[in-house]
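Trainee: just to be clear, the model below is a prediction. Sequence and coordinates:
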Amino acid sequence: MSSALRIARVARPAVANVQVARFSIASRMMAAGDTGATRSGGAASGDAFSKREEASENLYVKRHEQEKLEQLRQKVKAGEAQLAKDKADLDKAQK
């Protein structure tokens, strides 16, 4: 055996079967229209999920607006009651 071959065998790492992870260099292909962005309109916006999601959002907004209106009605009612009380106090003070 030649001395160069002996040195090469000695210099080898102790683990002979080292596995190396190989990654693909090819980029992942997407279908036409798959941009990852939200749906903006057109034919894709007419599916059942989009319609259900829109209906759910509309229902939430409607309920939220109804709650706000009810709070405003209560505020107006309280204000009117306070005004009536103040008018009664004023009438009492003037007599």
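Mentor: That came in fine, so what should we check first? Numbering: from 1, shown residues only.
Trainee: what residue ranges in this protein score low on pLDDT?
Mentor: By pLDDT under 70, the low-scoring segments of the chain are 1-45.
Trainee: can you show me the helices along it?
Mentor: Using DSSP state H, the helices of the chain run over 3-11, 48-94.
Trainee: want to try JSON lines for those helices, with mean neighbour count as columns?
Mentor: Yep, even glycine has a C-beta here, placed from its N, CA and C like the rest. As requested, the helices of the chain are arranged in JSON lines below (neighbours: other Cβ atoms under 10 Å):
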{"stretch": "helix 3-11", "mean neighbour count": "9"}
{"stretch": "helix 48-94", "mean neighbour count": "10"}
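Trainee: and Glu65, how far from Gln74?
Mentor: Summarising the geometry, the distance separating Glu65 from Gln74, computed by Cβ to Cβ, to the nearest Å, is 15 Å.
Trainee: again but with Lys51, I slipped
Mentor: The span separating Lys51 from Gln74 equals 35 Å under the rule Cβ to Cβ.
Trainee: before we move on, what about Ala84?
Mentor: Using Cβ to Cβ, Ala84 is found at 16 Å from Gln74.
Trainee: for His64, same thing?
Mentor: For His64, the distance to Gln74 equals 16 Å [Cβ to Cβ].
Trainee: ditto for Lys85
Mentor: According to Cβ to Cβ, Lys85 and Gln74 sit 17 Å apart.
Trainee: what's the answer for Gly46, then?
Mentor: With Cβ to Cβ as the criterion, Gly46 and Gln74 are 41 Å apart.
Trainee: do the same with Phe49
Mentor: Using Cβ to Cβ, we find Phe49 at a distance of 38 Å from Gln74.
Trainee: check Asp89 too.
Mentor: Using Cβ to Cβ, one obtains 23 Å as the distance from Asp89 to Gln74.
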